[in-house]
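**Q** Attaching a predicted model along with its sequence, questions to come.
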Amino acid sequence: MEENYIRILDTNLNRCKEGLRVVEDTCRFVFCDDKLYKEIREVRHLASKYLADKYDELLKARDSVSDSGRQANEKNRESLKNIVIANFKRAEESLRVLEEYSKIFDFDIALKYKELRYRVYEIEKQVVLEQKC
């Protein structure tokens, strides 16, 4: 696979897992909701699983030292709700990129990322509306 595609996959897999982890920990430690945190954890693990056989390629293509995104400005978060929503959006957008770029090498994996994305949309609805964050 071309290195630039691999960097896109690596970046978005990491971004997805990071966003999901923030929400997972919020559900686990703030909302004390075992069901939701375990569901989010499962999605996070599946996102990793689909590219597990490409781990070495992803790692070799990574260039976190000179990545221009490293200089991106961070935003303040005014509330728990802002944290949760921002991290759901981070995960959803990353899943969309993973879905699109996976089509280059494995359409079945792309469909799995699509399924995860829609699953995260539903989990977001549950967390934001039911937990009233």
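**A** Sure thing, it's come through.

**Q** CA only for contacts and neighbour counts going forward, please
**A** Fine.

**Q** Where does the prediction get shaky in the protein?
**A** 1, 3, 65, 67-68, 70-71, 132-133 (pLDDT under 70).

**Q** Chain neighbours aside, what residue packs nearest to the spatially most central residue of the chain?
**A** What sits nearest the mean C-alpha location of the chain, by C-alpha atoms, centre = their mean, is C16, with 1.4 Å. Nearest residue to C16, sequence neighbours excluded (C-alpha to C-alpha, 6 or more residues apart in numbering): A91, at 4.1 Å.

**Q** residues near the one you found, how many?
**A** Neighbour count of A91, defined by other C-alpha atoms under 10 Å: 28.

**Q** From here on, call the first residue 34.
**A** Okay, using 34 as the starting number, the last item reads as A124.

**Q** Give the buried residues for the helix or strand containing it.
**A** Per DSSP states H and E, A124 falls inside helix 113-135. Buried residues in helix 113-135, counting neighbours by 16 or more other C-alpha atoms under 10 Å, are found at 116-135.

**Q** next one: that helix to chain centre, how far?
**A** The chain centre lies 5 Å from the centre of helix 113-135; the measure is C-alpha atoms, centre = their mean, to the nearest Å.

**Q** which other helices and strands contact it?
**A** In terms of contacts (3 or more C-alpha pairs under 8 Å, 6 or more residues apart in numbering; DSSP states H and E), helix 113-135 is packed against helix 36-58, helix 140-158.

**Q** which parts of the shortest one are buried?
**A** Pointing back at helix 140-158 there. Buried-residue list, helix 140-158, by 16+ other C-alpha under 10 Å: 142-147, 149-150, 153, 156-157.

**Q** picking that back up, distance to D96 added to the helices and strands packed on helix 113-135, as CSV?
**A** Below are those laid out as CSV (distance: least, C-alpha to C-alpha, whole Å):
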stretch, distance to D96
helix 36-58, 8
helix 140-158, 24
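
**Q** Of these, which is nearest L92?
**A** Among these, helix 36-58 comes nearest to L92, with 7.4 Å by C-alpha to C-alpha.
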